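> turn this into a model:
(2 chains)
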Amino acid sequence: MSPDAHDTLLEAAVTPFRERDAWGRILPSPAFMDLPPSMREELAALQAQAREVERALHPLGWSGTVQAVMGRIIRG
Amino acid sequence: MAFAAWAGQVERPVRSGLSRFARAVDLEGAVQETMLRMWLLATRSGKELTGENASLRMALAVARNVAREEVRRSKLGSLVPLEECESEPELIVAPPAGPDPGLARAIRDCIARIQGRPRAALELRLHDGHERPDRELAQQLGLKLNTFLQHIVRARRSLADCLRRKGVDLAGVSS
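Presented below is the predicted three-dimensional model:
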């Protein structure tokens, strides 16, 4: 796998957006399920870094995770 | 708003506490599920948490349960032996100290240096990524999903290189 293909595969699961099932439970990213276990640890580190960038740029210091959770709470 | 501030404080320790499950569990989903369960606990159970770092300790316990449930549901226990996870000591990572205006300035400056579609893709993901799937964001920019993701990858590389030149290592910030 080329470095570009590798990074693109990971990036698909870095987003903080997650679907929910009919019972409201948050589902894993479909892109996560496509990754081999060895790449999933790398993904976790990239997710953490992406959240730090979002936190730094948000006026209230909310990462994409906190923004997603607050959106769910506010929308119900 | 108070819950959001609390969630921001515990996010990093909870994510770190789940790292042992990373081979089998999508940690982003698990952290969000943990926070939503903590919201329900805080608003519906009437349970009062007492003691030092009580809410953080509860969040770590909820996160472990969320991860265990996900391992069992996905039948990926072979990747994360649950017995070993039970016996490992809890990882406690310090919550963020607070807003870092210097880091925000450095990131904004570096993003401003990124040209064209990679910058547009990254900015849209940063702005709307928490509430809209990538396929919608790609569509908004008139791009195929894979092309959108490639642009974000390029933008992240440029951002990381630029920050490194300024002495900022994102891996160090998040750990």
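> what comes up buried for the strand or helix carrying residue B:9?
Here residue B:9 sits within helix B:2-17, counting by DSSP states H and E. Within helix B:2-17, the residues scored as buried using 16 or more other C-beta atoms under 10 Å in any protein chain shown are B:3-4, B:6-17. Every C-beta, even on glycine, is put in place using the N, C-alpha and C of the backbone.
> same thing with stretch A:26-41?
A:26, A:28-29, A:31-32, A:35, A:39-40.
> and the helices in chain A?
A:3-11, A:30-33, A:37-57, A:64-75 (DSSP state H).
> should've said chain B
So, for chain B - with DSSP H - the helices run B:2-17, B:27-40, B:54-74, B:82-87, B:101-113, B:116-128, B:134-140, B:145-165, B:170-174.
> residue A:45 is nearest to which of the ones you listed?
For the helices of chain B, the distance to residue A:45 is smallest for helix B:170-174, at 6.7 Å, taking C-beta to C-beta.
> ok, back up a step: can you redo the helices of chain A as a markdown table with distance to chain B and mean pLDDT?
Listed next are these as a markdown table, based on distance: least, C-beta to the nearest C-beta, whole Å; pLDDT from 0 to 100:
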| stretch | distance to chain B | mean pLDDT |
| --- | --- | --- |
| helix A:3-11 | 4 | 93 |
| helix A:30-33 | 4 | 94 |
| helix A:37-57 | 4 | 95 |
| helix A:64-75 | 4 | 95 |
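> can you add distance to residue B:132 and give those helices back as JSON lines?
Converted to JSON lines, the helices of chain A look like this (distance: least, C-beta to C-beta, whole Å):
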{"stretch": "helix A:3-11", "distance to residue B:132": "16"}
{"stretch": "helix A:30-33", "distance to residue B:132": "15"}
{"stretch": "helix A:37-57", "distance to residue B:132": "14"}
{"stretch": "helix A:64-75", "distance to residue B:132": "10"}
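> which one, of the ones you listed, ends up nearest to residue B:129?
Among the helices of chain A, if distance is taken as C-beta to C-beta, the winner is helix A:64-75, at 5.7 Å.
> tell me which strands and helices the closest one is in contact with?
For helix A:64-75, the packing partners by 3 or more C-beta pairs under 8 Å, 6 or more residues apart in numbering or on different chains; DSSP states H and E come out as helix A:37-57, helix B:2-17, helix B:27-40.
> which one is the residue most central in space within chain B nearest to, not counting chain neighbours?
In chain B, the C-alpha nearest the mean C-alpha coordinate belongs to residue B:28, at 5.3 Å (C-alpha atoms, centre = their mean). Nearest non-adjacent residue to residue B:28, counting by C-beta to C-beta, 6 or more residues apart in numbering or on different chains: residue A:47, 5.0 Å away.
> and for that neighbour, the neighbour number?
28 (other C-beta atoms under 10 Å in any protein chain shown).
> surely it touches residue A:14?
Yes: in terms of C-beta atoms under 8 Å, residue A:47 counts as a neighbour of residue A:14; the distance is 5.6 Å.
> what sits in contact with each of those two?
Contact criterion C-beta atoms under 8 Å, 6 or more residues apart in numbering or on different chains; residues shared by residue A:47 and residue A:14: residue B:28.
> tell me the contacts of the residue nearest to residue A:72 when sequence neighbours are not counted?
Nearest non-adjacent residue to residue A:72, counting by C-beta to C-beta, 6+ apart: residue B:36, 6.2 Å away. Taking C-beta under 8 Å, 6+ apart, we find residue B:36 in contact with A:24, A:26, A:69, A:72-73.
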